[in-house]
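# Requesting a structural model of the entry that follows:
(one chain, ligands or ions: 1)
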Amino acid sequence: MKAVVLYWPKGGNTENAAKKIKEVLGDNADIYDIKSFNVDDLDKYDLIITGASTIGAENWEDASNDNEWSRFGNEVRNKDLSGKYVAFFGLGDQVLYPNHFVDVLGVFNDEFSKTNAKIIGRWPTEGYRFTDSDGEENGMFYGLAIDEDNEDHLTEERVKKWVEQLMSEMK
Ligand SMILES: Cc1cc2nc3c(=O)[nH]c(=O)nc-3n(C[C@H](O)[C@H](O)[C@H](O)COP(=O)(O)O)c2cc1C
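Now for the predicted structure:
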(Lines give C-alpha, C1' and ligand atoms only; values in the text may rest on other atoms or scores of the structure.)
Protein backbone atom coordinates (compact mmCIF):
# COMPACT_ATOMS: atom_id res chain seq x y z
CA MET A 1 0.00 0.00 0.00
CA LYS A 2 1.41 3.33 -1.07
CA ALA A 3 -0.10 6.57 0.23
CA VAL A 4 0.37 10.23 -0.53
CA VAL A 5 -0.51 13.17 1.68
CA LEU A 6 -1.28 16.31 -0.33
CA TYR A 7 -1.82 19.61 1.40
CA TRP A 8 -2.21 23.32 0.92
CA PRO A 9 -1.56 25.94 2.22
CA LYS A 10 2.02 25.70 3.30
CA GLY A 11 3.62 27.02 6.45
CA GLY A 12 0.73 26.78 8.90
CA ASN A 13 -1.57 24.41 10.69
CA THR A 14 -2.45 22.44 7.57
CA GLU A 15 1.17 21.66 6.83
CA ASN A 16 1.79 20.63 10.45
CA ALA A 17 -1.22 18.33 10.42
CA ALA A 18 -0.12 16.85 7.09
CA LYS A 19 3.28 16.05 8.58
CA LYS A 20 1.69 14.37 11.58
CA ILE A 21 -0.44 12.20 9.31
CA LYS A 22 2.57 11.28 7.19
CA GLU A 23 4.50 10.40 10.33
CA VAL A 24 1.81 7.98 11.50
CA LEU A 25 1.57 6.44 8.03
CA GLY A 26 5.31 5.86 8.01
CA ASP A 27 7.61 4.90 5.15
CA ASN A 28 4.81 3.88 2.83
CA ALA A 29 3.67 7.47 2.52
CA ASP A 30 4.92 10.45 0.55
CA ILE A 31 4.01 14.02 1.35
CA TYR A 32 3.76 17.02 -0.98
CA ASP A 33 2.34 20.49 -0.96
CA ILE A 34 0.10 20.49 -4.01
CA LYS A 35 2.10 23.13 -5.80
CA SER A 36 5.03 20.70 -5.91
CA PHE A 37 2.93 17.76 -7.03
CA ASN A 38 2.15 16.59 -10.54
CA VAL A 39 -1.43 15.30 -10.73
CA ASP A 40 -0.37 12.53 -13.14
CA ASP A 41 1.59 11.00 -10.27
CA LEU A 42 -1.66 10.14 -8.51
CA ASP A 43 -1.46 6.91 -10.52
CA LYS A 44 1.34 5.70 -8.26
CA TYR A 45 -0.75 5.67 -5.10
CA ASP A 46 -3.43 3.45 -3.58
CA LEU A 47 -4.48 5.98 -0.95
CA ILE A 48 -4.69 9.72 -1.61
CA ILE A 49 -5.13 11.98 1.41
CA THR A 50 -5.88 15.65 0.84
CA GLY A 51 -5.92 18.39 3.44
CA ALA A 52 -6.71 22.09 3.57
CA SER A 53 -7.82 24.84 5.89
CA THR A 54 -11.16 26.54 5.49
CA ILE A 55 -10.54 30.17 4.74
CA GLY A 56 -13.85 31.53 3.63
CA ALA A 57 -16.78 29.63 2.24
CA GLU A 58 -15.80 29.33 -1.41
CA ASN A 59 -12.39 27.90 -0.79
CA TRP A 60 -12.05 25.69 -3.83
CA GLU A 61 -13.67 27.89 -6.44
CA ASP A 62 -12.00 31.11 -5.49
CA ALA A 63 -9.06 31.19 -7.87
CA SER A 64 -8.35 34.80 -7.03
CA ASN A 65 -7.33 34.02 -3.49
CA ASP A 66 -4.06 32.39 -4.48
CA ASN A 67 -5.67 29.07 -3.95
CA GLU A 68 -3.78 26.17 -5.37
CA TRP A 69 -6.75 23.92 -4.72
CA SER A 70 -8.74 25.48 -7.55
CA ARG A 71 -6.03 24.57 -10.01
CA PHE A 72 -5.67 21.10 -8.52
CA GLY A 73 -9.45 20.65 -8.59
CA ASN A 74 -9.63 21.45 -12.27
CA GLU A 75 -6.99 18.85 -13.02
CA VAL A 76 -8.37 16.14 -10.78
CA ARG A 77 -11.99 16.59 -11.76
CA ASN A 78 -11.51 14.78 -15.05
CA LYS A 79 -9.40 11.96 -13.74
CA ASP A 80 -10.60 8.44 -13.26
CA LEU A 81 -9.41 7.29 -9.86
CA SER A 82 -11.26 3.95 -9.84
CA GLY A 83 -9.68 1.42 -7.53
CA LYS A 84 -8.10 4.09 -5.36
CA TYR A 85 -8.98 5.23 -1.89
CA VAL A 86 -9.29 8.90 -1.00
CA ALA A 87 -9.56 10.54 2.40
CA PHE A 88 -9.69 14.14 3.55
CA PHE A 89 -8.64 16.22 6.51
CA GLY A 90 -9.71 19.78 7.15
CA LEU A 91 -8.45 22.50 9.45
CA GLY A 92 -10.95 24.87 10.98
CA ASP A 93 -11.86 26.96 13.99
CA GLN A 94 -15.14 25.94 15.59
CA VAL A 95 -15.22 28.89 18.01
CA LEU A 96 -14.71 31.74 15.53
CA TYR A 97 -16.46 30.08 12.57
CA PRO A 98 -19.20 27.89 14.08
CA ASN A 99 -21.42 28.29 11.00
CA HIS A 100 -18.76 27.23 8.52
CA PHE A 101 -16.67 24.81 10.52
CA VAL A 102 -14.38 22.83 8.19
CA ASP A 103 -16.57 23.56 5.17
CA VAL A 104 -13.63 22.49 3.05
CA LEU A 105 -14.38 18.84 3.80
CA GLY A 106 -17.61 19.25 1.82
CA VAL A 107 -15.72 20.73 -1.09
CA PHE A 108 -13.31 17.81 -1.12
CA ASN A 109 -16.18 15.37 -0.94
CA ASP A 110 -18.00 16.99 -3.88
CA GLU A 111 -14.92 17.09 -6.06
CA PHE A 112 -13.68 13.59 -5.41
CA SER A 113 -17.14 12.07 -5.67
CA LYS A 114 -16.79 12.60 -9.42
CA THR A 115 -13.58 10.61 -9.77
CA ASN A 116 -14.83 7.07 -8.96
CA ALA A 117 -12.40 6.87 -6.06
CA LYS A 118 -13.61 5.19 -2.90
CA ILE A 119 -13.93 7.85 -0.23
CA ILE A 120 -13.04 6.66 3.26
CA GLY A 121 -12.27 8.27 6.62
CA ARG A 122 -15.58 9.76 7.66
CA TRP A 123 -15.36 11.03 11.19
CA PRO A 124 -18.01 11.56 13.89
CA THR A 125 -18.99 15.15 14.73
CA GLU A 126 -19.50 14.13 18.33
CA GLY A 127 -17.36 16.15 20.72
CA TYR A 128 -17.02 19.14 18.40
CA ARG A 129 -19.10 22.26 19.04
CA PHE A 130 -20.38 24.06 15.97
CA THR A 131 -23.67 25.13 14.44
CA ASP A 132 -23.32 24.39 10.77
CA SER A 133 -20.85 22.90 8.34
CA ASP A 134 -20.82 21.98 4.67
CA GLY A 135 -18.36 19.32 5.76
CA GLU A 136 -20.82 17.12 7.61
CA GLU A 137 -23.77 14.89 6.87
CA ASN A 138 -25.88 12.98 9.38
CA GLY A 139 -23.48 13.47 12.25
CA MET A 140 -20.39 12.54 10.29
CA PHE A 141 -17.74 14.80 8.78
CA TYR A 142 -16.58 13.77 5.31
CA GLY A 143 -13.10 13.48 6.76
CA LEU A 144 -11.02 14.32 9.81
CA ALA A 145 -11.75 17.72 11.36
CA ILE A 146 -8.77 19.31 13.09
CA ASP A 147 -9.03 22.45 15.21
CA GLU A 148 -5.58 23.71 16.08
CA ASP A 149 -6.94 27.01 17.36
CA ASN A 150 -8.99 25.51 20.19
CA GLU A 151 -8.15 21.81 20.50
CA ASP A 152 -4.54 21.34 19.50
CA HIS A 153 -4.10 18.96 22.43
CA LEU A 154 -6.47 16.53 20.71
CA THR A 155 -4.83 16.55 17.29
CA GLU A 156 -2.23 13.86 17.83
CA GLU A 157 -4.75 11.38 19.20
CA ARG A 158 -7.28 12.21 16.47
CA VAL A 159 -4.67 11.69 13.76
CA LYS A 160 -3.55 8.35 15.18
CA LYS A 161 -7.07 7.05 15.48
CA TRP A 162 -8.07 8.31 12.06
CA VAL A 163 -5.08 6.72 10.30
CA GLU A 164 -5.89 3.41 12.04
CA GLN A 165 -9.44 3.78 10.80
CA LEU A 166 -8.21 4.35 7.23
CA MET A 167 -6.10 1.21 7.38
CA SER A 168 -9.03 -0.88 8.54
CA GLU A 169 -11.37 0.63 5.93
CA MET A 170 -8.97 -0.39 3.19
CA LYS A 171 -9.03 -4.05 4.14
C1 LIG B 1 -9.67 34.76 7.02
C2 LIG B 1 -9.96 33.45 7.71
C3 LIG B 1 -11.13 32.79 7.45
C4 LIG B 1 -11.43 31.57 8.07
N5 LIG B 1 -12.62 30.95 7.80
C6 LIG B 1 -12.90 29.77 8.42
C7 LIG B 1 -14.12 29.10 8.16
O8 LIG B 1 -14.97 29.56 7.37
N9 LIG B 1 -14.35 27.93 8.79
C10 LIG B 1 -13.45 27.37 9.67
O11 LIG B 1 -13.72 26.30 10.20
N12 LIG B 1 -12.27 27.99 9.93
C13 LIG B 1 -11.98 29.17 9.34
N14 LIG B 1 -10.78 29.78 9.60
C15 LIG B 1 -9.83 29.16 10.55
C16 LIG B 1 -8.70 28.39 9.87
O17 LIG B 1 -9.20 27.39 9.01
C18 LIG B 1 -7.82 27.75 10.92
O19 LIG B 1 -7.23 28.74 11.72
C20 LIG B 1 -6.72 26.84 10.34
O21 LIG B 1 -6.10 26.14 11.39
C22 LIG B 1 -5.68 27.61 9.54
O23 LIG B 1 -4.81 26.69 8.93
P24 LIG B 1 -3.55 27.20 8.06
O25 LIG B 1 -2.58 27.78 9.08
O26 LIG B 1 -2.98 26.01 7.39
O27 LIG B 1 -4.08 28.18 7.08
C28 LIG B 1 -10.49 31.00 8.98
C29 LIG B 1 -9.29 31.67 9.23
C30 LIG B 1 -9.01 32.87 8.61
C31 LIG B 1 -7.70 33.57 8.91
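
# pLDDT of the lengthiest helix in the chain, averaged?
Longest helix in the chain by number of residues, with DSSP state H as the criterion: helix 152-169. Helix 152-169 comes out with an average pLDDT of 98.

# Measure how far it is from the centre of its chain, please.
13 Å (C-alpha atoms, centre = their mean, to the nearest Å).

# what packs against it?
In this structure, helix 152-169 makes packing contacts with helix 13-25, strand 85-91, strand 144-146, judged by 3 or more C-beta pairs under 8 Å, 6 or more residues apart in numbering; DSSP states H and E. C-beta here means a position set from N, CA and C on the backbone, and glycine is covered the same way.

# Just put those in CSV and tack on mean neighbour count.
Output for the helices and strands packed on helix 152-169, formatted as CSV (neighbours: other C-beta atoms under 10 Å):
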stretch, mean neighbour count
helix 13-25, 20
strand 85-91, 27
strand 144-146, 28
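
# Switch the ones you listed over to CSV; also include mean pLDDT and distance to Asp41.
Converted to CSV, those look like this (pLDDT from 0 to 100; distance: least, C-beta to C-beta, whole Å):
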stretch, mean pLDDT, distance to Asp41
helix 13-25, 98, 16
strand 85-91, 98, 15
strand 144-146, 98, 23
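
# for the longest helix of the chain, which positions count as buried?
Of the residues in helix 152-169, Thr155, Arg158, Val159, Trp162, Val163, Gln165, Leu166 count as buried by neighbour count, 16 or more other C-beta atoms under 10 Å.
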